[in-house]
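1. how would this look folded up:
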Amino acid sequence: MAQDRLLVTDERTGRQYELPIQDGAIHAPDLRQIKTSPEDFGLMSYDPAFLNTASCRSSITFIDGDKGILRYRGYPIEVLAEHCSFLEVAYLILNGELPAQEELDQWVALVKKHMLIHETTKKFLEGFRYDAHPMGMLISTVAALSTVYPDAKNVRDPKTRRKHIVRLIAKMPTITAYCYRHHFGLPYVYPDPDLGYTENFMNMLWRLLEPKYIANPVLARALDILFILHADHEQNCSTSTMRVVGSSLADPYVSVAAAAAALSGPLHGGANEEVLHMLDQIGDVKNIPAYIERVKKGEVRLMGFGHRVYKNYDPRARIIKRTADEVFSVTGYNPKIEIAKELERIALSDEYFIKRKLYPNVDFYSGIIYEAMGFKPSLFTVLFAIPRVVGWLAQWEEMLEDPEQKIARPRQLYIGHGERQFVPIAERKKAAAAN
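-> Predicted structure coming up:
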């Protein structure tokens, strides 16, 4: 259609260019034709931190930040969190459709089959210091699995890809649990084939001398919901890392390790731990007004509020807030929740935060829930990585099957020196003084 184009006039030359618009975007290489001379490289766009650049086409996750909408494969996150298990949602994200009962049973059985890790991998974990951070251990161990499964490098083969996708989803909770128990000097617990995905994770974390670990169903379901909410979130920092590393045809283990490294930063996966530190710093509901004033003065940050994408209430935060009440009915009262709720109430009624569209995000309540369930703050980011590996792998496979994708290689705008005359070392001091 005639209107599906952008008409650009280059005032430098007076020339006009028609740039086709597809899916609400122009194709960046089309800018290259806009030149001042045949020797000119052509026009580029400059977009630090990729605030307005689409790096791919994807059919996995839809987000409308202005309306507070999140959907996996077209299904609203609220519906999936209410009616599905995490592995059911994982099947959806990886395959594009929700499974029938027989398909789900086969999928769950396949994941359970691969939850064990090689005994040599256990020895690798034992080499870490007792106080090693679980995220560092997870990143290193997942990368090391690349040497355990060398056939994973055959990333162009769909069957091989799927085999290792299953392995990664299955082994992430096992590795995480072993990292946790290593810290406390506890013996590792093997997966129990009678338990579900989240129940098995809790079993490997917390089983002691009891012959059979029985997870509290309310807590297991809460963890399942948290895993669903974190399964994918479009082209965030870690997912983009997964795609960039995977674009070189690196195997899924080192690609996931790279994505997990991106997730480990406090501005990404570590944000919920920062929320807990903030609530501890506030200490009491009566101290909230003073803290709010410090936020307005730029002295401290309001952690767990605001999001790069959402300019409305994060839909995941609403679900987590409801889940928190169910968790506390089992674990008992946590004073942090009262501070959090009052902080949210004040922030949502204050013009300063309303004007800046600072609404609670997924990290605001998740850390409180994890702490109430018995998880140490150092494990929070690893808990994020367990479900997010599903999204990483789905995005990675989609990237490999996309004929438009090539090895990632962004451009830059060079602002350094032009060609310079070399000065021999004996003369450099003199030359520097002369300048």
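2. longest helix anywhere in the chain?
-> Selection of the longest helix in the chain by residue count, based on DSSP state H, yields helix 158-184.
3. may I see the buried residues of that helix?
-> Neighbour-count burial for helix 158-184, counted by 16 or more other CB atoms under 10 Å, picks out 160-161, 163-183. (C-beta placed from N, C-alpha, C; glycine too.)
4. now stretch 57-76
-> By 16+ other CB under 10 Å, the buried positions in stretch 57-76 come out as 58, 60-61, 63, 65, 68, 70-73, 75.
5. then stretch 138-153?
-> Neighbour counts using 16+ other CB under 10 Å place 138-146, 149, 152-153 of stretch 138-153 among the buried residues.
6. repeat for stretch 343-351
-> For stretch 343-351, the neighbour count (16+ other CB under 10 Å) marks 343-344, 347 as buried.
7. go on, stretch 215-230?
-> Buried residues in stretch 215-230, counted by 16+ other CB under 10 Å: 215, 219-230.
8. quickly note the distance from residue 56 to residue 244.
-> Noted for residue 56: a distance of 11 Å to residue 244, by CB to CB, to the nearest Å.
9. more neighbours, these two?
-> The residue with more neighbours, out of residue 56 and residue 244, is residue 244; 20 against 16, by other CB atoms under 10 Å.
10. quick one: residues contacting the more buried one.
-> Counting by CB atoms under 8 Å, 6 or more residues apart in numbering, residue 244 makes contact with residue 408.
11. what strand or helix carries it?
-> Assigned by DSSP states H and E, residue 244 falls within helix 237-246.
12. re the thing from before, nearest to residue 371 among the buried residues of stretch 57-76?
-> Checking the buried residues of stretch 57-76 against residue 371 with CB to CB, the nearest one is residue 70 at 24.4 Å.
13. that older thread, now do the longest helix of the chain, average pLDDT.
-> Across helix 158-184, the average pLDDT comes to 95.
14. ok, back up a step: can I get the buried residues of stretch 215-230 in a markdown table including pLDDT, distance to residue 408 and secondary structure?
-> A markdown table is the format used below for the buried residues of stretch 215-230 (pLDDT from 0 to 100; distance: CB to CB, whole Å; DSSP: H, G, I helix; E, B strand; the rest coil):
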| residue | pLDDT | distance to residue 408 | secondary structure |
| --- | --- | --- | --- |
| 215 | 92 | 41 | coil |
| 219 | 95 | 40 | helix |
| 220 | 95 | 39 | helix |
| 221 | 96 | 39 | helix |
| 222 | 94 | 37 | helix |
| 223 | 95 | 34 | helix |
| 224 | 96 | 34 | helix |
| 225 | 95 | 34 | helix |
| 226 | 94 | 31 | helix |
| 227 | 96 | 28 | helix |
| 228 | 97 | 29 | helix |
| 229 | 95 | 28 | helix |
| 230 | 94 | 24 | coil |
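15. possible to save those residues as JSON lines with distance to residue 418?
-> Compiled in JSON lines, the buried residues of stretch 215-230 are given as follows (distance: CB to CB, whole Å):
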{"residue": "215", "distance to residue 418": "65"}
{"residue": "219", "distance to residue 418": "63"}
{"residue": "220", "distance to residue 418": "63"}
{"residue": "221", "distance to residue 418": "63"}
{"residue": "222", "distance to residue 418": "60"}
{"residue": "223", "distance to residue 418": "58"}
{"residue": "224", "distance to residue 418": "59"}
{"residue": "225", "distance to residue 418": "57"}
{"residue": "226", "distance to residue 418": "54"}
{"residue": "227", "distance to residue 418": "53"}
{"residue": "228", "distance to residue 418": "54"}
{"residue": "229", "distance to residue 418": "51"}
{"residue": "230", "distance to residue 418": "48"}
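16. make sure residue 312 is actually in contact with residue 66.
-> Yes - Residue 312 lies in contact with residue 66 (CB atoms under 8 Å); the separation is 6.1 Å.
17. quick one, what contacts residue 165?
-> Contact partners of residue 165, counting by CB under 8 Å, 6+ apart, are 94, 252, 393, 397.
18. ok, residue 398 next?
-> For residue 398, the contact set (CB under 8 Å, 6+ apart) comprises 56, 58-60.
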